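Engineer: The sequence isn't on hand, but the structure is:
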């Protein structure tokens, strides 16, 4: 594609009228005033804290801003009930597991955050799925509202039988009827309470998204395809296991993160993911309590992919490496050939090459990570 | 905020809201998120209005706020990231013009944020290489190479326009 072709396509998109919408200036002003007030109050509180810290030798500050060791969430004792914890999930504890899934989905991936957990079964890279592209099981944190979801989550749709004696409901798009948004995500699937107040959801994504010939908008499944995928969803739901407390296993450990970092999420993936030469991946997301985020990732592979990045190749501790600047305040360091891993550190926030290199040195791949038995269930030491 | 500042702010958001919403749509690819982004930026703009009003052009200041808000959203935990059209529609069902519009937004959504933002700024917002680099805080060389890789990636995602290009995929 060349520049003129892209401009022509963009002009076509621009020619399409924008949907109705508009600004409620009074509401924006009210919201702006509220934010300004909170900022003023926050600044005042920080000033008081600073005074207390000076008076108290720093003890007050360290308690209030959580300068404790980063693994605070992970080291909390896991709850023994299958009920989703109201304080949020531990990102290092898997509380459910997929049972039966359709054939042809050998990759297993989990994404665990404080706000929710999602368990995926996916095809290996390069393999075209027979009918279903992805199956996933979602656990929502306690207190999640099925009729008023946030962040584009599917909402509760029509009743559709039961799952384990609990009433089950179809998935419905959270967006207004007729919207083209979200129809693919909230197609075949079910949601139900696997324990009082604890909602789970199974989603079945087909390998092909249908589009309307007249408008080009994606449409939800219908007819035989939907019926078939609803059967898949029900079977996956009935075979899912809850109340588990399995530790996340990762191909690396982390030590010595700067004070203030807290674990926010983890990802564990086993199988041929984004390349046939990658046999697994582990990732941890840390936040600093403000806007800063740091992703520490290890892809288990002997291959070197640095040429794919648009940046100069250098070395870090003798390993080939590259620094990638994707956007302002967004810097990534990728280091290849580190004990069978490609290690990457992705930082959103202030900090340059030196800080990123220091963060890289906190990540230690396990010995021979291609052997999954060597992965650790104590990634934070 | 003083009343005259507030009046100026009100006038600006009333006149420029639709422009802002469309800019947001170009970045995020769906109107619901664009509305959210535009409102988020307007609220922040209220807080920073005096600084924005002192900028060379308020539009440039607001565009920078929008870029940062969108990029920040991209950095949210992957678990809750909304993905309105996660799969490029079936090629076999492709319809000419309407299909291209949808395909373009879906294909843009699959690019790395850095590539996407460069393509949107250069070819949709009609900014030059130097302006884009200044806005993103990177070198002009990076803008050029991101453009090249982004176009190549789009060519792969939209086979009807494909030309042989250098591989530039990322995770």
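Structural biologist: Here it is on my side, so go on. Note that the structure is a prediction, hence the values are computed from the model and not measured. Numbers count the residues shown, from 1 in each chain, chains lettered A, B, ... in the order given.
Engineer: okay but residue A:141 is in contact with residue A:91, surely?
Structural biologist: No. Between residue A:141 and residue A:91 there is no contact under Cβ atoms under 8 Å: 12.0 Å. C-beta here means a position set from N, CA and C on the backbone, and glycine is covered the same way.
Engineer: what sits in contact with each of these two?
Structural biologist: Both residue A:141 and residue A:91 are in contact with residue A:114, where contact means Cβ atoms under 8 Å, 6 or more residues apart in numbering or on different chains.
Engineer: Show the model's pLDDT score for the closest residue to chain A within chain B.
Structural biologist: At 2.5 Å from chain A, residue B:46 is the closest residue in chain B, using Cβ to the nearest Cβ. At residue B:46, the pLDDT value in this model is 88.
Engineer: ok, and the closest non-adjacent residue to it?
Structural biologist: residue A:32 (2.5 Å; Cβ to Cβ, 6 or more residues apart in numbering or on different chains).
Engineer: go on, residue A:225?
Structural biologist: Leaving aside its sequence neighbours, residue A:225 sits nearest to residue A:206 (Cβ to Cβ, 6+ apart; 6.6 Å).
Engineer: what's the burial count for that neighbour?
Structural biologist: 21 (other Cβ atoms under 10 Å in any protein chain shown).
Engineer: residue contacts, it?
Structural biologist: Neighbouring residues of residue A:206 by Cβ under 8 Å, 6+ apart: A:131-133, A:187-188, A:221, A:225, A:229.
Engineer: can I assume the residue of chain B closest to chain A sits in a strand?
Structural biologist: No. Residue B:46: not assigned to a strand; according to DSSP: H, G, I helix; E, B strand; the rest coil it is helix.
Engineer: circling back to that earlier point, give me the secondary structure label for the residue nearest to residue B:46.
Structural biologist: Applying three-state DSSP: residue A:32 is helix.
Engineer: just residue A:161 next, same as before
Structural biologist: Secondary structure, three-state DSSP: residue A:161 is strand.
Engineer: Tell me how far the residue nearest to it when sequence neighbours are not counted lies from residue A:226.
Structural biologist: Nearest non-adjacent residue to residue A:161, counting by Cβ to Cβ, 6+ apart: residue A:168, 5.5 Å away. According to Cβ to Cβ, to the nearest Å, residue A:168 stands 15 Å off from residue A:226.
Engineer: Look at those two and report which has more neighbours.
Structural biologist: Neighbours per residue, other Cβ under 10 Å: of residue A:168 and residue A:226, the larger number sits with residue A:168, 22 against 16.
Engineer: Report the beta-bridge partner residues of that one.
Structural biologist: Under DSSP bridges, the beta-bridge partners of residue A:168 are residue A:192.
Engineer: So which elements touch whichever strand or helix holds residue B:142?
Structural biologist: Per DSSP states H and E: residue B:142 is located in helix B:140-157. When contacts are defined as 3 or more Cβ pairs under 8 Å, 6 or more residues apart in numbering or on different chains; DSSP states H and E, helix B:140-157 sits against helix A:3-15, helix B:97-109, helix B:113-119, helix B:129-136.
Engineer: who does the shortest one touch, helix- and strand-wise?
Structural biologist: Spelled out, that is helix B:113-119. With contacts defined as 3+ Cβ pairs under 8 Å, 6+ apart, the packing partners of helix B:113-119 are strand A:319-327, helix B:58-74, helix B:97-109, helix B:129-136, helix B:140-157.
Engineer: average model confidence for that helix?
Structural biologist: In this model, helix B:113-119 has a mean pLDDT of 85.
Engineer: Residue A:36: neighbouring residues, count only.
Structural biologist: That count, for residue A:36 with other Cβ under 10 Å as the rule, works out to 16.
Engineer: helix/strand/coil for it?
Structural biologist: helix.
Engineer: I'd guessed it sits against residue B:1; true?
Structural biologist: Yes. Using Cβ under 8 Å, residue A:36 is in contact with residue B:1, at 7.3 Å.
Engineer: what residue is smack in the middle of chain A?
Structural biologist: Centroid-nearest residue in chain A: residue A:111, 5.4 Å away (criterion: Cα atoms, centre = their mean).
Engineer: ok, what's across the strand from it?
Structural biologist: For residue A:111, the beta-bridge partners are residue A:118, residue A:267 (DSSP bridges).
Engineer: separation between it and residue A:193?
Structural biologist: Distance, residue A:111 to residue A:193, by Cβ to Cβ: 22 Å.
Engineer: element containing residue A:273?
Structural biologist: Residue-wise, residue A:273 maps onto no helix or strand under DSSP H and E.
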